[in-house]
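**Q** Predicted model and sequence below, questions to follow.
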Amino acid sequence: MVVRVQIENFDLSTEIRQLRENNPQIGAVVSFLGLVRDLNDGQNVSAMELEHYPVMTEKALQDIAAQAAARWSVIDSLIIHRVGALLPLDQIVLVAVASQHRGDAFAACEFIMDYLKTQAPFWKKEQTSTGARWVDARESDELARKKWQLD
């Protein structure tokens, strides 16, 4: 289980290769890659700033990865979340889950993302044509998280 919070970009192919490298038990790898969009809630987004509390954030991400591993047959997982200044098309987050079978990998990956969108201690500020604004979790994200009964 690898968790990284970083400013630097990452290479998707390299990260997935390292996750599955030299483990013949892995039969499935499911990943999610989140990107900065140029439009949110009807407004153009020119940049985004992601803030977090070091140590607290990593601990929270490790906890959710451990919860996923306890619920499903997960061989390994990877969470990379970027912080700092980002532009449209930049990569924000990578979640990848390796397991013997695709069902466990899909479910664990979705579970981790639903948690990240609503519960992880990140704060997102978007720069729009009308100024800067803080972004809250969407109601649809909250509903997705609730299906896992995380409360």
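**A** Structure received. Residues are numbered from 1 along each chain as shown.
**Q** Could I get the full set of helices for the protein?
**A** Here the chain has its helices, by DSSP state H, at 12-20, 56-71, 102-118, 139-146.
**Q** now for those helices, which one comes closest to Val95?
**A** helix 102-118 (4.9 Å; Cβ to Cβ). Just so you know, the C-beta spots here come from the backbone N, C-alpha and C atoms, and that holds for glycine as well.
**Q** Determine the angle, from 0 to 180 degrees, between the closest one and helix 56-71.
**A** In terms of direction (axes from the mean of the first three to the mean of the last three Cα atoms, to 10 degrees), helix 102-118 departs from helix 56-71 by 150 degrees.
**Q** And the contacts of helix 102-118?
**A** With contact meaning Cβ atoms under 8 Å, 6 or more residues apart in numbering, helix 102-118 is reached by 27-32, 34, 61, 64-65, 67-69, 71-74, 77, 79, 81, 93, 95-99, 122, 137-138, 141-142, 144-145, 147-148, 150.
**Q** Poorly predicted segments of the chain, please.
**A** 137-138, 140-142, 144-145, 150-151 (pLDDT under 70).
**Q** Ramachandran angles for the residue of it most remote from its centre?
**A** Here the chain reaches farthest from its C-alpha mean at Thr130, the gap being 27.8 Å by Cα atoms, centre = their mean. Dihedral angles of Thr130 (phi, psi; degrees, to the nearest 10) stand at phi -100, psi 10.
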